[in-house]
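*Asks:* One predicted model, sequence on top.
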Amino acid sequence: MGHAHHFLSRLDRVALPHVELALSLYRDESLLRYIFDRARVPDGAERVALSLDHPEDGPFLIVTRAGRFVTCLGEGMKVSNLPVVTRGQIDAISARAGELRERLVAAKALTGGRGLRALLRRIYEAADELSREEFLAISALQPLYGFEFLRLYLHAACELNDARDLLLPLLRKTDKLKPAYDDALLAYWRTLWAMSHFAVLAALDGREVLPPSILALLDQGSTFTWPTTRQGYLPLAIRGAWAAARIGKPLLGRYKRFYQEAESELQNIDGSLALLSIGMRHARLRAEAEKALGTDIPVKWRDTAFGKFTRAIRQMARSVAESERDDPEALLASIRNFGAHLWVQIMKPRPAGPLRYERPEDVPDDLSRAVMANTMQCYLRQSKGLSDALAWLFTLVPWAARAAPEELYLPRAAVAAIHMPFRTELALNVLRQMLDHRAPVTQTRPEGPTRKGPCPCGSGKKYKRCCEEKEAEVEVETEAEAE
């Protein structure tokens, strides 16, 4: 940063506390650039006004986009039409910068100074044992590598698809795989968890993770969270739900359309989870999200087994939303209570230690919730405990959607206390549950017009806006007469 004698000579225009702030910014080029980046200074702005106090009355520092300090304007002096970064923004962004610097120190300690490659390797190798402290250290890199984390998330999802194409046909022939496949199973297990970690890391900046072109990277008819939901396991799905909630509004329209057209159990779960989580995190979007959740399944599915199951999924999401609105504390208490009992049971066969509690009420709140978010409950069709897994997945959403990202992870001491070496059976269990879920299970369409196609009556309207609506009305009237 060039020396700015004129700027320094004009510091006598401001009070001493403002001088100290001005000099701290002058001496810290990296902080200044970070402020410019996070405050979204317009790309075409050659100069920027940094407010040291009042956003309109100043005083102000005038700084070029390149970081050269031009002058200092006293209180009441006007900044013309320059973009202004307010004092509130400066304080908030500076605090965030300080936190990031602390995390960078932790990240350096975690890798022994070996850099980004070592951190990424740790995300893969840790799998289900990535600790809260490690996540915090890795998250320091998110402002620099947010889009890279997003790319790695989508790439991991593709790798899992390719691995399933290889492994599932083998499992249809035999219940166990030969030892030659042990490395492939370990890689599958690690990629499965790494994908969920990347989902959280990619979404830390919320809507900023989604430039206008990113949705084009998703398959037609897919969603941002489909890679985490389609695996069928609670810890992965809850991280995906957190990411959808963190991004929020840019995804809402897509999920509303996806939910209306969902034609498999997993698609209904994915749409329900995302809409519920977005509504829970964003008060302004809650009414719109819950209205979408109230959408009934298409008429053609209503009397089928598929229709009954998907209706139950949608009702579960609506019930959680209603329960959270009526008594949010009771919902949080139920999560804490169940997680605390679960932790006591997990630790009972282990040696005595600081994290072995005899009574559930002694388990710390953050530990009881985190253990629920890391329990490998499966909600794929025909899996044991399907209803319990779905119930707890949706029950966790109001807490998870608003949680700090690190709260989704167990503390390092807890991970060490329950550590178990990898066994191929872990990955095999995941794959066996997916034998009926290689791809979205699309129900066979009945013969006749499509919902978005022209209505066969010749009205010129789409079928869903014409005779389908009339058929639904007739069905409702018939049911009423029968009652």
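*Replies:* Happy to help now that I have it.
*Asks:* Could I get the buried residue list for stretch 55-70?
*Replies:* 58-63, 69 (16 or more other CB atoms under 10 Å). In short, each C-beta sits where N, CA and C put it, glycine included.
*Asks:* what do you get for stretch 75-92?
*Replies:* So, applying 16+ other CB under 10 Å, buried residues of stretch 75-92: 79, 82, 84-87, 89-90.
*Asks:* Turn those into CSV, including pLDDT and distance to Pro349.
*Replies:* Output for the buried residues of stretch 75-92, formatted as CSV (pLDDT from 0 to 100; distance: CB to CB, whole Å):
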residue, pLDDT, distance to Pro349
Val79, 82, 67
Leu82, 87, 66
Val84, 88, 61
Val85, 86, 56
Thr86, 86, 56
Arg87, 85, 56
Gln89, 83, 52
Ile90, 82, 53
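*Asks:* Between those, which sits nearest Leu285?
*Replies:* Comparing these against Leu285 with CB to CB places Gln89 closest, at 23.7 Å.
*Asks:* pretty sure the closest one contacts Ala39?
*Replies:* Yes - using CB atoms under 8 Å, Gln89 is in contact with Ala39, at 5.1 Å.
*Asks:* circling back to that earlier point, of all the buried residues of stretch 75-92, which comes closest to Arg432?
*Replies:* Using CB to CB, these come closest to Arg432 at Gln89, 51.8 Å.
*Asks:* Just to be sure, the closest one is in a strand?
*Replies:* No - with DSSP: H, G, I helix; E, B strand; the rest coil as the criterion, Gln89 is helix rather than part of a strand.
*Asks:* What residues does it make contact with?
*Replies:* Contacts for Gln89 (CB atoms under 8 Å, 6 or more residues apart in numbering) come out as 35, 38-39.
*Asks:* at 6 Å instead, please
*Replies:* Gln89 is in contact with Ala39, counting by CB atoms under 6 Å, 6 or more residues apart in numbering.
*Asks:* ok, Phe422 - how many residues close by?
*Replies:* Using other CB atoms under 10 Å, Phe422 has 15 other residues around it.
*Asks:* Who are the packing partners of the top helix by length along the chain?
*Replies:* As assigned by DSSP state H, the longest helix anywhere in the chain is helix 142-171. The helices and strands touching helix 142-171, judged by 3 or more CB pairs under 6 Å, 6 or more residues apart in numbering; DSSP states H and E, are helix 182-202.
*Asks:* Put the alpha carbons of the helix it packs on into CSV.
*Replies:* Extracted C-alpha coordinates of helix 182-202, given in CSV (Å, rounded to 0.1, in the frame of the first residue of the first chain):
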residue,chain,number,x,y,z
ASP,A,182,-11.9,-53.3,0.5
ASP,A,183,-10.1,-50.2,-0.8
ALA,A,184,-13.1,-49.3,-2.9
LEU,A,185,-15.5,-49.6,0.1
LEU,A,186,-13.2,-47.4,2.2
ALA,A,187,-13.1,-44.8,-0.6
TYR,A,188,-16.9,-45.0,-0.9
TRP,A,189,-17.3,-44.4,2.9
ARG,A,190,-14.9,-41.5,2.9
THR,A,191,-16.4,-39.9,-0.2
LEU,A,192,-19.9,-40.2,1.3
TRP,A,193,-19.0,-38.2,4.4
ALA,A,194,-16.7,-35.8,2.6
MET,A,195,-19.6,-34.9,0.3
SER,A,196,-21.7,-33.9,3.3
HIS,A,197,-18.8,-31.8,4.7
PHE,A,198,-18.3,-30.0,1.4
ALA,A,199,-22.1,-29.2,1.3
VAL,A,200,-21.8,-27.4,4.6
LEU,A,201,-18.5,-25.7,3.7
ALA,A,202,-19.8,-24.5,0.3
